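Asks: What follows is a predicted structure for the sequence shown.
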Amino acid sequence: MAYEEATPLDVAVIGGGPAGISACLELAKSNSLGVALFESQAQLGGMPQTCHYGFGMRDRKRFYTGPGYAKRLRSLVQQSDINICTDTTVVNIIPGSKEEPHRIKTTTKDGFKLYETRFILLSTGCYEDARPERLIPCKRPAGIYTVGQLQQMVNAQHLQPGRRALIIGSEHVALSCVLTLRRSGTSIAGMVEEDPELQTYASVAIPMSFFFRFPIYKNTTVDEVLGLERVEGVNLVTKGNEESFKVECDTVIITGKFRPISLLLDDIAIEQDPLSRGPVVDRNFMTSIPGIFAAGNVLRGADMNDLCALEGRRAAQGILKMLQGSQLEDANAITLKAEPPIRYVVPQKIVPAQMESPIFPWMSPGVSIQLEQTVRKPVIEAWAGNEQIWECSFSKIIARTRTLLPLKKFRWDRVAPKREIVLKIRGANN
């Protein structure tokens, strides 16, 4: 495979969603930088392009529809001096040794191209676990979609996915799925959740089920999707009594269980979080390889897009600090780790003395966790070895909903430098 001579860059941003675009907008404030934004799709904007409402409050200070938010970010970055490379896929990252530039290999419709860059920002986003990853038996009939495929079909291609759909999963994105299906004219056969609790706000999901007249099957698993050429129904099994029943439908929508798109990390010696499968980062969003940063949903799976935009901005600010000669690495950084049912903590490397206390914490990336499933009456604890340094009780924590950690309340006087902090859940009553 032949490449031309490497094109030099200061910063290569990989991924043209809210995190990547927002990072570019921050970097564009420095006119002397050579910055390129690489996006594998034909158009910038990422996931919001085919979504609904409620985007942009944290970063743009107003609410947009998903397409409106993507259009605004796209317009801003197109007005800058950023070199925008759409229809371009980064296939490999080759980290440079000390004082040497990193290299990235790309492929486009015109062939392959090699770049050398001082800094890399990964903002490649996330994906949903589809039917094969969830081990759902079937004979591969037509009519099985993820939410991303559904939204692309309905919102971008203006097609109807089917006449009657069953939704698998009850995370927040399942509620968006309900609205998308109804707008397309597809009726809803039901929503299936394998846990006893919904993985979203019951105060929203239950009224929605009454309004759109569909049942919610909690504590229920999928036994098999029926049909040869097209979905004809789904066999469900209620946990506990193992009662089996069939739901008639011609479409199945598989929702949630988002994972980082982190294939580019697999061939490089970068530290990855064993729970989230994303890269481990510090408060500046730099990874374990100096000069390589990561921001947005590549760190964890799905979270709010305007929060990802703030993370992209913070990562860009870290890059600018390094360009000005600042040393971001701190030998005394403390590592945060989590135990299930906590599914991640981000960032994972912190220096307590440098942590901020924003006036409005929900408007800041901060240090946050998500739980794998909804838990009633949990107590979150922080431990430094055998020493408990913080705890907080909650009446309920909704699955995959960001919970900020008040680090200033931790008893840091009991924590030695470089010590590891472990976050746990006690007293969960599902």
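Replies: Happy to help now that I have it.
Asks: what's Ala70 in contact with, if anything?
Replies: Residues in contact with Ala70 (CB atoms under 8 Å, 6 or more residues apart in numbering) are Pro18, Leu44, Gly45, Gly46, Pro48, Gln49. To be clear about C-beta, it is placed using only N, CA and C from the backbone, and glycine gets the same treatment.
Asks: domain parsing for the chain?
Replies: The chain breaks down into these domains under automatic domain parsing: 7-127+259-329, 130-256, 338-426.
Asks: Now do Lys109 against Asp87, distance only.
Replies: Counting by CB to CB, to the nearest Å, the gap from Lys109 to Asp87 is 6 Å.
Asks: do Gly325 as well
Replies: 36 Å.
Asks: between the two, which one's more packed in?
Replies: Comparing Gly325 with Asp87 by other CB atoms under 10 Å, the one with more neighbours is Asp87, at 14 against 6.
Asks: got a list of what that one touches?
Replies: Applying CB under 8 Å, 6+ apart to Asp87 gives the contacts Glu39, Ser40, Gln41, Ala42, Thr108, Lys109.
Asks: Report the buried members of those.
Replies: Buried members of the contacts of Asp87, scored by 16 or more other CB atoms under 10 Å, are Glu39, Ser40.
Asks: Am I right that Asn297 falls within a strand?
Replies: No - counting by DSSP: H, G, I helix; E, B strand; the rest coil, Asn297 is located in no strand; its state is helix.
Asks: Surely it is in contact with Ser262?
Replies: No - applying CB atoms under 8 Å as the test, Asn297 and Ser262 come out as separate, 10.3 Å apart.
Asks: neighbour count winner among those two?
Replies: Set Asn297 next to Ser262 and count neighbours by other CB under 10 Å: Asn297 wins out with 29 against 21.
Asks: who's the spatially closest residue to the more buried one that is not a sequence neighbour bridged to?
Replies: Nearest residue to Asn297, sequence neighbours excluded (CB to CB, 6 or more residues apart in numbering): Cys126, at 4.0 Å. Beta-bridge pairing for Cys126 (DSSP bridges): Pro260.
Asks: Find the residue ranges of the chain scoring beneath the pLDDT cut-off.
Replies: Along the chain, segments meeting pLDDT under 70 span 1-4, 357-362, 427-430.
Asks: Quick check: longest helix in it by residues?
Replies: Selection of the longest helix in the chain by residue count, based on DSSP state H, yields helix 305-323.
Asks: and the gap between Thr7 and Leu336?
Replies: Using CB to CB, one gets 38 Å for the distance from Thr7 to Leu336.
Asks: Same question for Ala315.
Replies: Plainly put, Ala315 is 18 Å away from Leu336 if you go by CB to CB.
Asks: ok, Pro260 touching Glu128?
Replies: No - the pair Pro260 / Glu128 is not scored as a contact, 11.7 Å apart, by CB under 8 Å.
Asks: helices and strands around the lengthiest strand in the chain, which ones?
Replies: Looking across the chain with DSSP state E, the single longest strand is strand 111-122. Under the contact definition 3 or more CB pairs under 8 Å, 6 or more residues apart in numbering; DSSP states H and E, strand 111-122 sits against strand 7-14, strand 102-108, strand 292-294, helix 305-323.
Asks: among these, which is the most enclosed?
Replies: Each of those was assessed for mean neighbour count using mean count of other CB atoms under 10 Å. The highest is strand 292-294, with a mean of 28.
Asks: ok, Cys126 - contacts?
Replies: Going by CB under 8 Å, 6+ apart, the list of residues near Cys126 reads Phe258, Arg259, Pro260, Ile261, Asn297, Val298, Arg300, Gly301, Ala302.
Asks: Distance to Tyr145 added to the residues you listed, as TSV?
Replies: Shown next, in TSV, are the contacts of Cys126 (distance: CB to CB, whole Å):
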residue	distance to Tyr145
Phe258	15
Arg259	17
Pro260	21
Ile261	19
Asn297	20
Val298	23
Arg300	24
Gly301	19
Ala302	17
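Asks: any chance you could map the strands in the stretch 201-350 of the chain?
Replies: Here the stretch 201-350 of the chain has its strands, by DSSP state E, counting those that start in this stretch, at 216-217, 220-226, 233-238, 243-247, 251-254, 258-260, 292-294, 334-338, 342-346, 349-350.
Asks: Turn those strands into a markdown table, columns for distance to Phe210.
Replies: Formatted as a markdown table, these follow (distance: least, CB to CB, whole Å):
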| stretch | distance to Phe210 |
| --- | --- |
| strand 216-217 | 10 |
| strand 220-226 | 19 |
| strand 233-238 | 21 |
| strand 243-247 | 18 |
| strand 251-254 | 20 |
| strand 258-260 | 28 |
| strand 292-294 | 42 |
| strand 334-338 | 36 |
| strand 342-346 | 30 |
| strand 349-350 | 44 |
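Asks: so which of those gets nearest Leu25?
Replies: Among the strands of the stretch 201-350 of the chain, the nearest to Leu25 by CB to CB is strand 292-294 (15.3 Å).
Asks: Give the burial count for the closest residue in space to Gly68 that isn't next to it in sequence, as a bare number.
Replies: Leaving aside its chain neighbours, Gly68 sits nearest to Phe55 (7.6 Å; criterion: CB to CB, 6+ apart). When neighbours are counted by other CB under 10 Å, Phe55 registers 27.
Asks: List the beta-bridge partners for Phe55.
Replies: In beta-bridge terms (that is, DSSP bridges), Phe55 pairs with Tyr64.
Asks: Give me the distance between it and Val204.
Replies: For Phe55, the distance to Val204 - CB to CB - is 18 Å.
Asks: And Lys113, by the same measure?
Replies: Lys113 sits at a distance of 47 Å from Val204 (criterion: CB to CB).
Asks: Name all residues that make contact with Met304.
Replies: Contacts here follow CB under 8 Å, 6+ apart; on that basis Met304 touches Arg58, Arg402.
Asks: Compute the distance between it and Leu371, please.
Replies: Separation of Met304 from Leu371 (CB to CB) stands at 16 Å.
Asks: got it, and Phe212?
Replies: Plainly put, Phe212 is 27 Å away from Leu371 if you go by CB to CB.
Asks: now do Val204
Replies: According to CB to CB, Val204 stands 18 Å off from Leu371.
Asks: Mind checking which of those two has more residues around it?
Replies: Neighbour comparison, Val204 and Leu371: the larger count goes to Leu371, with 24 against 12 (by other CB under 10 Å).
Asks: Could you verify my assumption that the more buried one touches Ile425?
Replies: Yes - applying CB under 8 Å, one finds Leu371 in contact with Ile425, separated by 7.3 Å.
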